[in-house]
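[1] everything below, folded, please.
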Amino acid sequence: MKTKFILFRRAAVFYIEDTATGKQTSLRTKDETEAKSLLNARNEACRQPVLNLQIARAYLTASDPAFVERTWQNVMAQLQARGKDSSRERYACVFKSKSFDALRHKKLLETTADDFLTVFKGGQVAITYFLKRLHNFALSLGWLAVPVLPPYLWPKYEPKLRRGVTLDEHQRIIAGERNPERNLFYQLLWEVGAAQGDAAALVAGNIDWPSKTITYFRAKTGARAQLTISKNLEKILNQLPTAGALFPKLATWAAHDRARKFQLLCQKLKVSGVSLHSYRYAWAERAKVAGMPERFAQAALGHNSKAIHRAYAMLSVGGEHLASPPPARAKCS
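    Alright, predicted model coming up:
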């Protein structure tokens, strides 16, 4: 095993030099015996952790030969191979971030708390959130013997307060969107309150004209959502294709492309603080103000919808959009 520190003398004073970094430190002594004792103490302090790690490697390799070679890139590959397509796409996008570069090829066995703390310095909430998922996934697979960082040392996640699109903002967005397909897409989001991915994936088969209902299953949760077609929604649907995808071009776009296009429009119109998902919050908030029972709202947006839980948990809801006409009454089935 290579010696960590070496001893040398300069102007009668003894120094040690780090063989890895070349850093030199004075021992503040001219006594050779004392200097050698300090040198041995420094080397022994460094040798023991390394020796323990090598012993651990020997035991772990016997039970799982790949244990000592796995890197965080291996964990990322496993995690983004699981779940639905939308989840896989999200993981693949996040793990491309430069914030993970320092950790990507780091071996799990050699990872320290300092490695994670370096990532936290970036201050990005999403990066911290996904790093915690990555860490817990490695633990659940048994690829980490012990947690790299105890739970109480992880940064607290405080989600930003989200709001719904107001009626005035929606009208400005519709007036400002020149593309016919995207214009109708935003109008449908206002009436239906679907997540942007679910709305873009709608096909003519989701519409049951005899019963005047539109039904779909949420891509994120698999929950069934169904609502009655209102007069406004009927006018929108009559302008969309009668076979196949309702939004042929938008259905082929990735979620972040649709979101980006919407954000560019909002920036142009000076509409801030909203996203495509804000249409979902707006629908839920209007449903509450209109007096719609929560179970009907859940049937319309899909059970376990966070938008419904958030809107119905609020003691009061303010905003211009609350004075707008209520959404179509959900059909309970």
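
[2] so the residue nearest in space to the middle of the chain versus residue 90, what's the distance?
    Centrality entry for the chain: nearest residue to the mean C-alpha point is residue 126, 5.0 Å, by Cα atoms, centre = their mean. Here residue 126 is placed at a distance of 10 Å from residue 90 (Cβ to Cβ, to the nearest Å). No exception for glycine: its C-beta is placed from N, CA and C like everyone else's.

[3] residue boundaries of the helices in the stretch 151-300 of the chain?
    Using DSSP state H, counting those that start in this stretch, the helices found in the stretch 151-300 of the chain span residues 167-176, 180-192, 196-200, 231-237, 255-269, 278-289, 294-301.

[4] I'd like the average pLDDT over the longest one.
    So the one you mean is helix 255-269. The average pLDDT within helix 255-269 is 94.

[5] how about low-confidence regions in the stretch 101-250 of the chain?
    123, 157-161 (pLDDT under 70).

[6] where exactly do the strands run in the stretch 101-250 of the chain?
    With DSSP state E, counting those that start in this stretch as the criterion, the stretch 101-250 of the chain has strands at 207-208, 213-217, 224-228.

[7] compare the ones you listed and give me the one nearest residue 277.
    Ranking those by proximity to residue 277 (Cβ to Cβ) places strand 224-228 first, at 14.9 Å.

[8] sec struct for residue 16, please.
    Recorded secondary structure, residue 16: strand (DSSP: H, G, I helix; E, B strand; the rest coil).

[9] now do the nearest residue to it once chain neighbours are set aside against residue 28, distance only.
    With Cβ to Cβ, 6 or more residues apart in numbering as the criterion, residue 16 has its nearest non-adjacent residue at 4.4 Å, and that residue is residue 5. Distance of residue 5 to residue 28, computed by Cβ to Cβ: 15 Å.

[10] compare these two (neighbour count), which wins?
    residue 5 (21 against 11; other Cβ atoms under 10 Å).

[11] look up how far residue 220 lies from that one.
    56 Å.

[12] try residue 30
    For residue 30, the distance to residue 220 - Cβ to Cβ - is 71 Å.

[13] also residue 164?
    19 Å.

[14] compare these two (neighbour count), which wins?
    More crowded of residue 164 and residue 220, by other Cβ under 10 Å: residue 164, with 27 against 15.

[15] find the nearest non-adjacent residue to that one, please.
    Residue 164 sits nearest to residue 282 (Cβ to Cβ, 6+ apart), 3.0 Å away.

[16] and the gap between that neighbour and residue 166?
    Residue 282 is 7 Å from residue 166, by Cβ to Cβ.

[17] neighbour count for the two, which is higher?
    residue 282 (28 against 19).

[18] show me what contacts the more buried one?
    164-166, 170, 190, 193, 321 (Cβ atoms under 8 Å, 6 or more residues apart in numbering).

[19] now those as TSV including distance to residue 112?
    Shown next, in TSV, are those (distance: Cβ to Cβ, whole Å):
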residue	distance to residue 112
164	44
165	45
166	48
170	50
190	50
193	46
321	49
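
[20] what about residue 29, distance to residue 46?
    Applying Cβ to Cβ to residue 29 and residue 46 gives a distance of 20 Å.

[21] likewise for residue 112?
    Computed with Cβ to Cβ, the distance linking residue 112 and residue 46 is 15 Å.

[22] pick out whichever of these two has more residues nearby.
    residue 46 (16 against 11).

[23] quick one, phi/psi of the residue nearest to the more buried one when sequence neighbours are not counted?
    The shortest distance from residue 46 to any non-neighbouring residue, by Cβ to Cβ, 6+ apart, is to residue 4 (4.1 Å). Note on residue 4: backbone dihedrals following degrees, to the nearest 10 are phi -70, psi -40.
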